[in-house]
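Asker: would you be able to build a 3D model of this:
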Amino acid sequence: MTTEHKDVRQHILDTGKMVIVGKGFSAVGLAEILNAAKVPKGSFYHYFKSKEVFGEALLEDYFAGYNQRLQSLFSDKSMPAAARLMTYWSRWQDAQESDDLTGKCLVVKLSAEVADLSELMRNALKQGTEKLIAQLTACITEGIQDASLSASLIPEQTALALYELWLGATLLTKLRRDSSALDQAMLTTCKLLELPVSNTSNQ
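Answerer: Next up, the predicted model:
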């Protein structure tokens, strides 16, 4: 694929994401995506055989960028692993409380909607979240090794519990339209990681 073709494909994905994160997948028609991206229908079908295939590619692209940013944070050796982990949760909270749609969680937005509608998109969500949880597990393991986290923690179980906690809190934040669920998630995170609450301040 040439650079020009990659740019067009990425443009469609980027534009489609902004439309879908605001309205959901099913509520957005192909015409709306094409209109927002200012590309003809033929260009869309050149890169994506169907809207479902587009949805799969959209999620794969989302997770690729997300995991790359997470890897960059977790590989920062200038601070202990526990601080990197708490920075991640602080950034998560900031993004979900912001009005900026670019930082919104597509897992929360699309999981319940598409899991029963599209096996392609369900698998993309499953594989993406598994890679994310693996990175969290590795960071917790490193925290135990550098003594910034308690040796009593079981990394994989802790990573899964924390990710589930924050997904649920983000969903409740959408329902309540306030920060109470995310604030509680931060407090619970500190308890699970056996860290002082003062570590919840933005990094």
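Asker: quick check: which helices or strands does the longest helix seen in the chain pack against?
Answerer: Ranked by residue count under DSSP state H, the longest helix found in the chain is helix 119-145. If you count contacts as 3 or more CB pairs under 8 Å, 6 or more residues apart in numbering; DSSP states H and E, helix 119-145 packs onto helix 51-74, helix 81-97, helix 106-114, helix 155-176. Glycine gets a C-beta too; all of them are placed from N, C-alpha and C.
Asker: what do you get if the cut-off is 6 Å, keeping everything else the same?
Answerer: helix 51-74, helix 81-97, helix 155-176 (3 or more CB pairs under 6 Å, 6 or more residues apart in numbering; DSSP states H and E).
Asker: what would the ones you listed look like in TSV with distance to Ile133?
Answerer: Listed next are these as TSV, based on distance: least, CB to CB, whole Å:
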stretch	distance to Ile133
helix 51-74	11
helix 81-97	12
helix 155-176	5
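Asker: count the neighbours of Trp166 for me.
Answerer: 23 (other CB atoms under 10 Å).
Asker: Ala185 is in contact with that one, correct?
Answerer: Yes - using CB atoms under 6 Å, Trp166 is in contact with Ala185, at 5.5 Å.
Asker: just list what the host helix or strand of Ala185 packs against, helices and strands only.
Answerer: Using DSSP states H and E, Ala185 falls within helix 180-193. Helix 180-193 makes packing contacts with helix 155-176 when contacts are defined by 3+ CB pairs under 6 Å, 6+ apart.
Asker: the helix it packs on: which residues count as buried?
Answerer: 155, 158-160, 162-163, 165-167, 169-171, 173 (16 or more other CB atoms under 10 Å).
Asker: many thanks, we can stop here.
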